[in-house]
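**Q** Sequence plus predicted model, see below.
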Amino acid sequence: MPRSLFRTRIKFCGLTRAGDVRLASELGVDAVGFVFAHGSPRRIHAAEARALREALAPLVDAVAVFRDNSAEEVREVVRQVKPSLLQFHGDEDDAFCRRFDLPYMKAVAMGAGAPASGPALLAAFPGAAAFLFDSHGGGHDGGSGRCFDWSALPAGLGRPFLLSGGLTPDNAHDAVATVLPWGVDVSSGIETAPGLKDGERMRAFVSEVRRADCRPDDDATSPEGGAR
Ligand SMILES: O=C(O)c1ccccc1NCC(=O)[C@H](O)[C@H](O)COP(=O)(O)O
């Protein structure tokens, strides 16, 4: 695909208020994430997420984020919230992630040394629709606001991937221009406090990603899947 036609996908994660969901939709983000991980300051219950989902505009995905939740909890969220994508942030294996008959994205921990190679990740998670590289691991949690070393991203993934971990309006342009991910995911970088998004930072983040998408020298082609 010509790079000039490519648009970096954007996911805002950890939303807890209907107003933030509405603004995210208006800003044209592709997906919003609702966090069901135990212990997260952004954790909401299925009934709350169902109400938030009603504030979501058509054609914007709802992503349900889990970290070692039980199958019953995941099923209950799927039943009530009807997410279009599941995101697994813990030690879930491919068989667990596939049990719910929905596409899933596996979060890969970049906070604890070198990750597995692209082919090894694909072999471990053949059912993954996408991967998300984040700064958790090594004692750090998801939603930490920490960056990792982007040069450590594995090659040869053969699937779309999202870059995550410590993205902000200040580094979003560089992140997209350097890594060329399929999409980006942000939580803390658009917040005033965990779960409370800031309208100006949301706007600025989208604007910086779009600025990186509009580089005038974009005449190369974009491989399908991972790095474009
Ligand atoms: O956001 C959380 O609190 C969280 C807790 C446990 C597992 C996953 C969690 N979030 C997942 C996300 O997709 C975050 O957006 C991602 O970790 C990036 O967060 P940040 O570095 O704050 O942008």
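**A** Nice, I can see it. The structure presented is a predicted model; accordingly, all values stated were derived computationally and were not measured.

**Q** What helix or strand is residue 205 located in?
**A** helix 199-213 (DSSP states H and E).

**Q** tell me what that helix is packed against?
**A** strand 9-13, helix 18-26, helix 172-179 (3 or more C-beta pairs under 8 Å, 6 or more residues apart in numbering; DSSP states H and E). To be clear about C-beta, it is placed using only N, CA and C from the backbone, and glycine gets the same treatment.

**Q** helix or strand for the residue positioned nearest the centre of the chain, which one?
**A** Closest residue to the average C-alpha location of the chain: residue 185 at 4.0 Å, with C-alpha atoms, centre = their mean. Using DSSP H and E, residue 185 falls within strand 183-186.

**Q** Can you tell me what sits against the helix holding residue 205?
**A** With C-beta atoms under 8 Å, 6 or more residues apart in numbering as the test, helix 199-213 has contacts from 6-8, 10, 12, 20, 23-24, 27-29, 167-170, 172-177, 184, 186, 189-191.

**Q** The strand holding residue 185 pairs with which strands?
**A** strand 9-13 (parallel), strand 161-163 (parallel) (DSSP bridges).

**Q** among those, which is nearest the ligand?
**A** strand 9-13 (3.1 Å; C-beta to the nearest ligand atom).

**Q** Now the terminal residues of stretch 150-161, how far apart.
**A** One end of stretch 150-161 to the other measures 13 Å (C-alpha to C-alpha, to the nearest Å).

**Q** picking that back up, same list (the strands paired with strand 183-186) but as a markdown table, adding mean pLDDT and mean neighbour count.
**A** Putting the strands paired with strand 183-186 into a markdown table (pLDDT from 0 to 100; neighbours: other C-beta atoms under 10 Å) gives the following:
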| stretch | mean pLDDT | mean neighbour count |
| --- | --- | --- |
| strand 9-13 | 98 | 24 |
| strand 161-163 | 98 | 26 |
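
**Q** any chance of these in CSV, with distance to residue 74 too?
**A** Formatted as CSV, the strands paired with strand 183-186 follow (distance: least, C-beta to C-beta, whole Å):
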stretch, distance to residue 74
strand 9-13, 17
strand 161-163, 20
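
**Q** List the beta-bridge partners for the residue nearest to the centre of the chain.
**A** Beta-bridge partners of residue 185, as defined by DSSP bridges: residue 11.

**Q** from what I can see it touches residue 8, true?
**A** No: Residue 185 is beyond contact range of residue 8, at 11.0 Å (criterion: C-beta atoms under 8 Å).

**Q** hmm, who's touching stretch 40-52?
**A** 13-18, 21, 34-37, 62, 64, 67, 76-77, 79-81, 141-143, 187, 194-195.

**Q** how many neighbours does residue 101 have?
**A** By the measure other C-beta atoms under 10 Å, the count of residues near residue 101 is 7.

**Q** For it, pull up the helix or strand it's in.
**A** Per DSSP H and E, there is no helix or strand for residue 101.

**Q** picking that back up, list the buried residues of the helix holding residue 205.
**A** 201, 202, 204, 205, 206, 208, 209, 210, 212, 213 (16 or more other C-beta atoms under 10 Å).

**Q** ok, the nearest residue to residue 183 once chain neighbours are set aside - contacts?
**A** Nearest residue to residue 183 in three dimensions, chain neighbours excluded: residue 9, at 3.2 Å (C-beta to C-beta, 6 or more residues apart in numbering). Contacts for residue 9 (C-beta under 8 Å, 6+ apart) come out as 30, 31, 162, 182, 183, 184.
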